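[1] got a structure for you, letters missing:
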């Protein structure tokens, strides 16, 4: 909606007064706002900082010059060789005027920093009045207006309603914008006098009480001039045409280059006023100052008088002047100022630090004024006291501040040389102005030091203010605070996103400082979890530096150049590993492709630390010694599949131990059987035989691998290597010690009198979403433990599989093994803490409800295989970035899991279906792209017949489970899907809640080393 309700600017121009310098700094500020997304979803093609051609051009002259510059650039972009007004026809142009000097901010009111944040912004940055005005103009005030030119002063803080209520139907001419204010405030301001049709009759500036009262509305408020004017395309075209007519040509840079004498024009009193209904040509022209202004007014009258001047008023709550109250304004100071301020009571004081440039010499100058100071001679004050009292307190004389020949009537605060700039022998600082407060007895050396310093007055300082240096200093201060925020957020484990700050740091050249801070946090963190998030943030900074080029963020991370750093992290030397990473990083910073690859390796390093954090769960694994089964006897484990009914992704590290997780799972039989199994037996040969079967214990061999040396196990941590899961199972159960100086054969003979043979099978297709790999790992470990004379509880197996998947580097969560190894319906939970512990609670359902579920649950194989291998990487990346949508979704996943558990306890099918539908939306938020088009069509076709439905697991394909409104709907729904186009090869399967859990049995055999034992018998 925000994108739809935004004005799409063709051009944005920011004007600044001549002689102040800094136009290049202002251009850079605009460009930075474009980069960080501050100019809307589609920023203007033309973005310019425009310097006035004369020092005192006035707002009207600056408007005409900016309009010419915009038209010239737009004409060139359209392929014209001369300026043509045709480019204004469909253009939307915004001209912002920097306006007058502001004694409280060296960069003017436009860049006055506001105590505000933009939490939804793509990049984090200081919020200035300019940003506030841009947001107001782009997203509120100008929405719905026709093509034309908006002119806006930056001299005010402007607040308007989200829907200002300005009617643009049939609009023609020129419109001014007003805000309501009190008659008292209007005495020092401008107000509009309008007729009943809303057309402006006159502009009253600092009027009498009677004149102001004449402008008042029924509610007693008056429409204040707020510095905003809109010219329709026709009116803008006519205004542009005047730039070639003397003396108005002198308002533009072309006039300057042509030698025209300077002229000063007001936007409101020389341009807008000529269209006011109550103005006559004679009164308007005569109201000009000198002859050149009168001539200019005559030209403007002829060009613009025919356009109606209407007023749009924004009705605001609590409108009126900004009141500071009794207090102080301190700006431009840094930490070094603290000692001078300590113990110095300040009240109603304005204390500022300024960046000044004297020719090529940069200086820092401090100024001190009173908030209540007055300049008129008859009641002049300084530091809120009469000058006479100030002289008495400090010992300063009039001759110290003003030259003897300066007339007394012109001696004022602006011309007083109060502020030390340079000293021949000593370095100046804040203390050299604070003593002027006269808070204690003034030491003679302070007065002498002040007198011997070269000092400047406000009038002398203003032309020397270094805008570029001031903006750079503010930027540096912002990123210094940004670095502190990084430490606070990471070390405090806060759910604040650092991605906007990373984007800003890259856009504005502060990425090195940010990377250094992240290195520091990672290397000094108290636990692996904090260090892992810091490394993930470094990966984000590197990704931002690539600026969308260099390839996908997800990819391999095993380049040998990074092996040394990875080895240190694996060994537990986090500080050393982070230093090695930083040293290697420097070699990968030269182009986007290298930056992306470096980011992948930082994510690889982060995963090492995540694995170490998850490994803390090993303390909840207990294994007992039991009797060793006879040689050649199979230990067979058969497991159900699992359905995740809610909460999935909250079990995934690091989410599970940083946020806390809750998942509702159901152990299920598919088509009446447990589809996943493994069996292990001891064999006489000291080797490991790893056999994969096609679907059942008696089916054909798909793959067979024999390991006779420890080196054959080296690739256990590469998930796609042959037999990797089984190799990892031998290592994690400690049946085999790896690495070890003892050869594999010797280990096997010494501990078990021979080797092992393992068979595994699954009736489920690859990528089913039913938890196959984790449940299979649990089956293998359970059978392997018993075949090796050991026994582990179900809780131990749950944590064992977590351990195995971290060693395997697949990085999975705990919900699959909870679902397949614990019988029936249950909810698993983990707290937001390390060590990671999974606790399981059986959900007690009403009598008969389990059978009701069996009658209403169906499994639909979508025929789609999940292709997005990097779903997990993307989710973890987004979690570490703490994207607000992901943090909120993690909260919602856990709360929905608890609601789902309650629905099951109550036996409420409708509420359960609602939880399933909600869960699917949450999965799509967590991993966008997990709903293929064909699956979407399938779900649409089934929706009228189900209470709820969801893709199992991470989504992207595999099985869809549905909770039907009517029982026993397998055949009916099969026909509905068969009649739906574009679904491909689907199939529907029955499922039942498995209340028995996985089975373990020892079966004998004829002792032949066959993969297909024919005479198995139960023992």
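    Looks like it came in fine. The structure displayed is predicted, hence computed values, not measured ones.
[2] wait, residue 103 sits on residue 465?
    No - between residue 103 and residue 465 there is no contact, the gap being 11.0 Å when judged by Cβ atoms under 8 Å. In this view, the C-beta of every residue, glycine as well, is placed from N, C-alpha and C.
[3] Compare the two (neighbour count), which wins?
    Higher neighbour count among residue 103 and residue 465: residue 465, with 20 against 15, using other Cβ atoms under 10 Å.
[4] nearest spatial neighbour of that one, skipping sequence neighbours?
    Taking Cβ to Cβ, 6 or more residues apart in numbering as the measure, residue 465 lies nearest to residue 106, with 4.8 Å between them; neighbours along the chain are not counted.
[5] what sits against the one you found?
    Contacts for residue 106 (Cβ atoms under 8 Å, 6 or more residues apart in numbering) come out as 332, 352, 354, 355, 465, 467, 470.
[6] list the contacts for residue 954?
    Taking Cβ under 8 Å, 6+ apart, one finds 648, 649, 769, 866, 871, 872, 923, 927, 930 in contact with residue 954.
[7] cutoff 6 Å now
    Taking Cβ atoms under 6 Å, 6 or more residues apart in numbering as the definition of contact, the neighbours of residue 954 are residue 871.
[8] go on, residue 22?
    Neighbour list for residue 22: 467, 468 [criterion: Cβ under 6 Å, 6+ apart].
[9] Kindly recompute the last result at 7 Å.
    16, 467, 468 (Cβ atoms under 7 Å, 6 or more residues apart in numbering).
[10] could the contacts of residue 106 be laid out in CSV, adding secondary structure, distance to residue 517 and pLDDT?
    Listed next are the contacts of residue 106 as CSV, based on DSSP: H, G, I helix; E, B strand; the rest coil; distance: Cβ to Cβ, whole Å; pLDDT from 0 to 100:
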residue, secondary structure, distance to residue 517, pLDDT
332, coil, 24, 86
352, strand, 29, 91
354, strand, 29, 93
355, strand, 25, 93
465, strand, 31, 91
467, helix, 28, 89
470, helix, 24, 90
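[11] what's the distance between the residue nearest to residue 465 and residue 820?
    67 Å (Cβ to Cβ, to the nearest Å).
[12] cool, residue 37 as well?
    Taking Cβ to Cβ, one finds residue 37 at 45 Å from residue 820.
[13] Just send the contacts of residue 106 back as TSV, with distance to residue 493 too.
    Supplementary listing: these in TSV, determined by distance: Cβ to Cβ, whole Å:
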residue	distance to residue 493
332	35
352	38
354	40
355	38
465	43
467	40
470	36
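[14] can you tell me which of those lies nearest to residue 177?
    When the contacts of residue 106 are compared for distance to residue 177 (Cβ to Cβ), residue 467 wins out at 28.2 Å.
[15] Just give me the neighbour total for the closest one.
    With neighbours defined by other Cβ under 10 Å, the count for residue 467 comes to 23.
[16] what does the one 3 residues further on give?
    Here the neighbour count serves as a burial measure; for residue 470 (other Cβ under 10 Å) it reads 22.
[17] Give the closest residue to residue 801 in space, chain neighbours not counted.
    Excluding the flanking residues, the one nearest residue 801 by Cβ to Cβ, 6+ apart is residue 817, at 4.2 Å.
[18] Quick check, that neighbour in contact with residue 799.
    No - here residue 817 lies out of contact with residue 799, judged by Cβ atoms under 7 Å, at a distance of 9.0 Å.
[19] For residue 572, which non-adjacent residue is closest in space?
    Once flanking residues are discounted, residue 572 sits nearest to residue 612: 7.4 Å by Cβ to Cβ, 6+ apart.
[20] So that neighbour versus residue 798, what's the distance?
    When residue 612 is compared with residue 798 (using Cβ to Cβ), they lie 19 Å apart.
[21] Between those two, which has more neighbouring residues?
    Neighbour count, other Cβ under 10 Å: between residue 612 and residue 798, residue 798 has more, with 29 against 20.
[22] What mean pLDDT does stretch 515-530 get?
    Along stretch 515-530, the predicted confidence averages to a pLDDT of 92.
[23] now it: how far from the chain's centre is it?
    Put simply, stretch 515-530 sits 21 Å off its chain's centre (Cα atoms, centre = their mean, to the nearest Å).
[24] what does it contact?
    Counting by Cβ under 7 Å, 6+ apart, stretch 515-530 makes contact with 483, 486-487, 490-491, 531, 534-535, 537-538, 541, 574-575, 578-579, 582, 609, 612-613, 654, 657-658, 834, all of which sit outside it.
[25] quick one: low-confidence ranges for the stretch 301-450 of the chain?
    By pLDDT under 70, the weakly predicted segments of the stretch 301-450 of the chain are 315-326, 338, 342-343, 376-378, 439-443.
[26] Surely residue 276 touches residue 195?
    No - counting by Cβ under 7 Å, no contact exists between residue 276 and residue 195, whose distance comes to 10.4 Å.
[27] Touching both of those two, which residues are there?
    Residues within reach of residue 276 and of residue 195 at once, by Cβ under 7 Å, 6+ apart, are residue 201.
[28] more neighbours, these two?
    Neighbours of residue 276 and residue 195, each counted by other Cβ under 10 Å, are more numerous for residue 276; the result is 20 against 11.
[29] per-residue pLDDT, that one?
    Predicted confidence (pLDDT) for residue 276: 93.
[30] so which strand or helix has residue 860?
    strand 857-861 (DSSP states H and E).
[31] same question but for residue 1000, I mixed them up
    Residue-wise, residue 1000 maps onto strand 999-1004 under DSSP H and E.
[32] just how off-centre is that strand within its chain?
    54 Å.
[33] Same check on stretch 579-589?
    With Cα atoms, centre = their mean as the basis, stretch 579-589 stands 26 Å off its chain's centre.
[34] just stretch 94-114 next, same as before
    Stretch 94-114 has its average C-alpha position 28 Å from the chain's average C-alpha position, going by Cα atoms, centre = their mean.
[35] contacting residues around the closest residue to residue 390 other than its chain neighbours?
    Here the nearest residue to residue 390 in space, its sequence neighbours aside, is residue 382; by Cβ to Cβ, 6+ apart that works out to 5.1 Å. With Cβ under 7 Å, 6+ apart as the criterion, the residues that contact residue 382 are 370, 373, 390, 413.
[36] From the residues you listed, which land in strands?
    Judged by DSSP state E, the subset of the contacts of residue 382 located in strands is residue 370.
[37] Put together CSV for the contacts of residue 382, with distance to residue 937 on each row.
    Converted to CSV, the contacts of residue 382 look like this (distance: Cβ to Cβ, whole Å):
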residue, distance to residue 937
370, 73
373, 74
390, 82
413, 76
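[38] For the contacts of residue 382, which entry has the maximal number of neighbours?
    Each of the contacts of residue 382 was scored by neighbours using other Cβ under 10 Å; the highest score is residue 413's, at 21 neighbours.
[39] do you know how far that residue is from residue 363?
    21 Å.
[40] one step back: so what does the strand holding residue 1000 touch, helix or strand wise?
    With contacts taken as 3 or more Cβ pairs under 7 Å, 6 or more residues apart in numbering; DSSP states H and E, strand 999-1004 sits against strand 634-639, strand 1017-1018.
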